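> Output the structure for:
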Amino acid sequence: MKRCRNRASRSALVLLLGVAPLGACDPTDPQTSDPSDGSTHGSETDSDSATSVADTETPIGWFEIGWGDGTYVPLGPGDAFPVVLGGQGLEMFPMPLRGGEFFLPANPTSWMDETGPLVDIEMDVEGFNDGPFGHFKRIANHTLDWEIREDGSYQSEYLPIIVPDGIDVDELVGRPAHLWVRVRPHEQPELELELDVVIEVMSSLED
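Next comes the predicted model:
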């Protein structure tokens, strides 16, 4: 299932998925913290931010999502989204982003720059949505290192979507998952996409 917003984008994937307002993802909603997230760059906390701009303004730029570490595999509707055993012994979905044209700081490889884009995600898996606000996973205000590629587009390091404690990943194999992802560039309108994928399990990022 895809729910789309009536926003413009130059990315083929975002054009396919759509970009537009989503009432269920109100950025003013409070969110609870989850230190088991394993991320040092973001948290499951309040995603309301001064970087957000009114939805009535025309978005600038585009983005898409993929999976992998070092390599980038684009994700499209119905594609496999692998969960792997990461370097710190945590089972996770490694999700890098690609995009372009929205604002990046002068040093885009520094995730500590307060003018860098913020990323929010919600992931739903039927039967396993026992996390904050009824989601399998919810992460807000995550910052990423970005690199500018030869064609002028941007690619981020992966955002680690850590599998919540107490879940056997073997039980996730073959299950459909719904991803909602939002990028909030500094002082620019936010960008969103939604995507339905299917969970797969790999032993490591090197598989």
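> I'd like to know how many residues surround V198.
Neighbours of V198 under the rule other CB atoms under 10 Å: 14. C-beta here means a position set from N, CA and C on the backbone, and glycine is covered the same way.
> ok, now T71?
A count of neighbours around T71, defined by other CB under 10 Å, yields 9.
> cool, V173 as well?
Residues lying near V173 (other CB under 10 Å) number 12.
> That one contacts I199, doesn't it?
Yes - with contact defined as CB atoms under 8 Å, V173 reaches I199; the gap is 6.3 Å.
> after the helix or strand where F93 lies, next one along is what?
Here F93 sits within strand 91-95, counting by DSSP states H and E. Later in the chain than strand 91-95, the nearest helix or strand by DSSP H and E is strand 97-100.
> Adjacent strands (with direction) for that following strand?
strand 62-67 (antiparallel), strand 154-156 (antiparallel) (DSSP bridges).
> So for the last one, mean pLDDT?
Averaging pLDDT along strand 154-156 gives 97.
> what does it rub up against?
72, 96-100, 104, 108, 144-149 (CB atoms under 8 Å, 6 or more residues apart in numbering).
> distance between that strand and the chain's centre?
Centre-to-centre, strand 154-156 and its host chain are 12 Å apart (CA atoms, centre = their mean, to the nearest Å).
> Neighbouring strands - and their directions - for whichever helix or strand comes after it?
Downstream of strand 154-156, the next assigned helix or strand under DSSP H and E is strand 159-162. Note on strand 159-162: by DSSP bridges, its sheet partners are strand 91-95 (antiparallel).
> which residues does the residue nearest to T109 when sequence neighbours are not counted contact?
Among residues not flanking T109 along the chain, D145 sits closest, at 4.8 Å (CB to CB, 6 or more residues apart in numbering). With contacts defined as CB under 8 Å, 6+ apart, D145 is in contact with P108, T109, S110, W111, S156, E157.
> ok so, going back, tell me the mean pLDDT over the strand holding F93?
Strand 91-95 carries an average pLDDT of 96.
> Could you give me the buried positions within stretch 83-103?
By neighbour count on 16 or more other CB atoms under 10 Å, the buried set for stretch 83-103 is 83-86, 91-102.
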